[in-house]
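K.L.:
Predicted model, plus sequence, below.
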Amino acid sequence: MKIIIYGATEMGCLLATEFFEEHDITIIDKEENRTDEFNNLDISFVRGNASNIDILKNADIKNADVFIACTNIDEANIVACLTAKKVSGVRTICFVTKEEYKKTLSFNRNGEYFCDFFIDYIIWPEELLTQDIFRIVTVAHALDVENFADDKARLIELKINENSVLADKKIKDCGFPKETLIVGVTRECELSIPNGDTELCTGDKLIFMGTPRSLDILAGTFFHEKEIVKSAAIIGGGNVGMMLAHSLENMKIKTKIIEIDYDRCRYLAQELKNTLVINGDGTNLKLLDEEEIGSFDVVISVTDNDERNLLCSLLSKQLGVKRVIARVAKVINIPLFEKVGIDVAISPKTSAINEVKNDLAENDVDILATVEQGQGEVIEINVLQDFDGKRIMDLKLPVNAVIGIIQRKNNIIIPKGDIVLKSGDILIIFTKTENTESIKQFFKVK
């Protein structure tokens, strides 16, 4: 697939790094924005503005499959996408930072304003980040949560803390609940696919797949997390903070926002009906103590500054908050946040990349989710006639992977080795990202 990316930004670099090994990548931008990171990749670079038709022609837009605009200027992205669509009809993906652009440009194809001059997919990273944080918040102490098969199946990531009954045990001896599978273990930032003889250690992050009920039993039995999140404090009242507060209000979760800008506080107070809005500095330890931050079930720091989010999170931890979630603008900072004790560090850029990967996926293989900063993927595969009647234990997969869920019509099956596949089954498979292509090829018609 030929992909043209407009914008030598951090997002552009992350996208190019993600896709260059399997796709033909061309970057369009000013020469001064080109960095050594781009020079280390096997990609083409065209100097100029992608709103210029001649520049698009130099990038071979006529033969491109996808055009992605991700500069730091919304209007430049929009104009470039519309120009590319007009010139070649290429599929266009446009990054925006403003909600009004997301709403205005996301036309329904059957709507009255739809025409041939449109952008295929509008990505607002802050909206995706909010959705990811909300899923994590609503499951107590989860590091990551993803729902599949119309919410009948789930992935959840949990951490082994000190004095856990799972520490120093082999997986085969743990006795995890029925309808639950452990599909991944992350140790010292490295993800692996475990087997029954894998020994678990304190500090490991475990990834499970199963039915929501079985995972609730798992959490309550082994991680002592039967409690429901009843209160949340948000530091930062920008777009993410406000959208998250709206969602938490709908869940009847007691919510408080701390925002340093007074005018923004007035706006938030008008928009949020059941959220307490506090005008103050989230890095002020005295303020946090006075607002009893330590009594909240979770604190989410979502300002637009990594250093501020890190400090707010560490101060909240000092006041006794058990679970802290921090927004991280620079993806490279995520491991640092985790090493100093932040429970969940999450970036809007990571959320956006996952959306692009999902959009580019083939029709018969859908990337449902990525975990551990892209180290692992959950993919969806349709079982073809060639595999009808085969048992899972007889498949002999070419790489380490776990079939975590089988969706058979309206039923969900958490499989064992003796389960027989049927044509039309949908498999939800967990594997390391580098092995995704091998799994895709394995399940194609022989």
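P.N.:
Cool, got the structure. What you see is a predicted model; the values in this text were computed from it and never measured. Numbers count the residues shown, from 1 in each chain.
K.L.:
From now on I want contacts and neighbour counts done on CA atoms only, so please keep to that.
P.N.:
OK.
K.L.:
Can you get me a residue count around the closest residue to residue 315 other than its chain neighbours?
P.N.:
Among residues not flanking residue 315 along the chain, residue 285 sits closest, at 6.5 Å (Cα to Cα, 6 or more residues apart in numbering). Using other Cα atoms under 10 Å, residue 285 is surrounded by 17 other residues.
K.L.:
Hmm, residue 285 is touching residue 314, no?
P.N.:
No: using Cα atoms under 8 Å, residue 285 is not in contact with residue 314, being 10.1 Å away.
K.L.:
from memory residue 156 sits against residue 142, does it?
P.N.:
Yes: with contact defined as Cα under 8 Å, residue 156 and residue 142 form a contacting pair (6.5 Å).
K.L.:
The stretch 101-250 of the chain: helices as residue ranges?
P.N.:
Taking DSSP state H, counting those that start in this stretch as the criterion, the stretch 101-250 of the chain carries its helices at 125-137, 212-222, 239-250.
K.L.:
Look at the residue positioned nearest the centre of the chain and report its pLDDT.
P.N.:
The residue lying closest to the centre of the chain (Cα atoms, centre = their mean) is residue 351, at 3.9 Å. pLDDT, residue 351: 86.
K.L.:
ditto for the one 5 residues further on
P.N.:
According to the model's per-residue confidence, residue 356 sits at a pLDDT of 88.
K.L.:
now do residue 322
P.N.:
As predicted, residue 322 sits at a pLDDT of 86.
K.L.:
which phi and psi does the residue nearest to the centre of the chain have?
P.N.:
phi -60, psi -40 (degrees, to the nearest 10).
K.L.:
now swap in residue 431 and tell me
P.N.:
Backbone torsions for residue 431, taken as degrees, to the nearest 10, come to phi -160, psi 170.
K.L.:
I'd guessed it sits against residue 374; true?
P.N.:
No: judged on Cα under 8 Å, residue 431 makes no contact with residue 374 at a distance of 11.0 Å.
K.L.:
Tell me which of those two has more neighbours.
P.N.:
residue 431 (24 against 16).
K.L.:
give me the beta-bridge partners of that one?
P.N.:
Counting by DSSP bridges, residue 431 forms beta bridges with residue 377, residue 401.
K.L.:
and what of residue 369?
P.N.:
Beta-bridge pairing for residue 369 (DSSP bridges): residue 378.
K.L.:
Surely it is in contact with residue 377?
P.N.:
Yes: using Cα under 8 Å, residue 369 is in contact with residue 377, at 5.8 Å.
K.L.:
List the contacts of residue 182.
P.N.:
Residue 182 is in contact with 194, 206-209, counting by Cα atoms under 8 Å, 6 or more residues apart in numbering.
K.L.:
again but with residue 211, I slipped
P.N.:
By Cα under 8 Å, 6+ apart, the residues touching residue 211 are 152-154, 179-180, 414.
K.L.:
Output the contacts of residue 182 in TSV; the columns should cover pLDDT and distance to residue 235.
P.N.:
Shown next, in TSV, are the contacts of residue 182 (pLDDT from 0 to 100; distance: Cα to Cα, whole Å):
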residue	pLDDT	distance to residue 235
194	95	37
206	96	28
207	96	28
208	96	30
209	95	31
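K.L.:
Now render the residues you listed as a markdown table, adding neighbour count and distance to residue 289.
P.N.:
Putting the contacts of residue 182 into a markdown table (neighbours: other Cα atoms under 10 Å; distance: Cα to Cα, whole Å) gives the following:
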| residue | neighbour count | distance to residue 289 |
| --- | --- | --- |
| 194 | 19 | 42 |
| 206 | 20 | 33 |
| 207 | 24 | 34 |
| 208 | 22 | 36 |
| 209 | 30 | 38 |
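K.L.:
for those residues, which one is nearest residue 438?
P.N.:
Distance to residue 438 across those (Cα to Cα) is lowest for residue 194, with 18.3 Å.
K.L.:
Not counting sequence-adjacent ones, nearest residue to that closest one?
P.N.:
Once flanking residues are discounted, residue 194 sits nearest to residue 184: 6.0 Å by Cα to Cα, 6+ apart.
K.L.:
what are the bridge partners for the one you found, then?
P.N.:
Beta bridges link residue 184 to residue 207, judged by DSSP bridges.
K.L.:
What is the neighbour count of residue 427?
P.N.:
For residue 427, the count of nearby residues is 22 (other Cα under 10 Å).
K.L.:
Sketch out the low-pLDDT regions of the stretch 251-400 of the chain for me.
P.N.:
361-365 (pLDDT under 70).
K.L.:
go again using 80 as the cut-off
P.N.:
Applying pLDDT under 80 to the stretch 251-400 of the chain flags the ranges 358-367.
K.L.:
which of the helices of the stretch 101-250 of the chain has the lowest average pLDDT?
P.N.:
Ranked by mean pLDDT, the helices of the stretch 101-250 of the chain bottom out at helix 212-222, which scores a mean of 85.
K.L.:
Three-state assignment for the nearest residue to residue 379 once chain neighbours are set aside, please.
P.N.:
With sequence-adjacent residues excluded and distances taken as Cα to Cα, 6+ apart, residue 379 is closest to residue 367, at 4.4 Å. The three-state assignment at residue 367 reads strand, by DSSP: H, G, I helix; E, B strand; the rest coil.
K.L.:
ok, residue 367 - contacts?
P.N.:
In this structure, residue 367 makes contact with 357-358, 361, 377-380, judged by Cα under 8 Å, 6+ apart.
K.L.:
show me where the stretch 251-400 of the chain has strands.
P.N.:
254-259, 275-279, 298-301, 324-327, 344-346, 365-371, 376-382 (DSSP state E, counting those that start in this stretch).
K.L.:
Give me the contacts around the last one.
P.N.:
If I follow you right, that is strand 376-382. Around strand 376-382, the neighbours that count as contacts under Cα under 8 Å, 6+ apart are 191, 364-371, 424-433, 436, 440, 443.
K.L.:
domain parsing for this protein?
P.N.:
What automatic domain parsing lists as the domains of the chain is 2-123, 140-215, 228-350, 362-442.
K.L.:
Please identify which of these is closest to residue 222.
P.N.:
Of all these, domain 140-215 sits nearest to residue 222, with 7.0 Å by Cα to Cα.
K.L.:
list the buried ones in stretch 331-346?
P.N.:
By neighbour count on 16 or more other Cα atoms under 10 Å, the buried set for stretch 331-346 is 331, 334, 337, 342-346.
K.L.:
Just the endpoints, please. Distance across it?
P.N.:
Taking Cα to Cα, to the nearest Å, the first and last residues of stretch 331-346 lie 8 Å apart.
K.L.:
contact partners of it?
P.N.:
Contact with stretch 331-346 is made by 129, 133, 143, 189, 310, 313-314, 323-328, 347, 349-350, as judged by Cα under 8 Å, 6+ apart.
K.L.:
out of these, which are buried?
P.N.:
The neighbour count (16+ other Cα under 10 Å) marks 129, 133, 143, 310, 313-314, 323-328, 347, 349-350 as buried among those.
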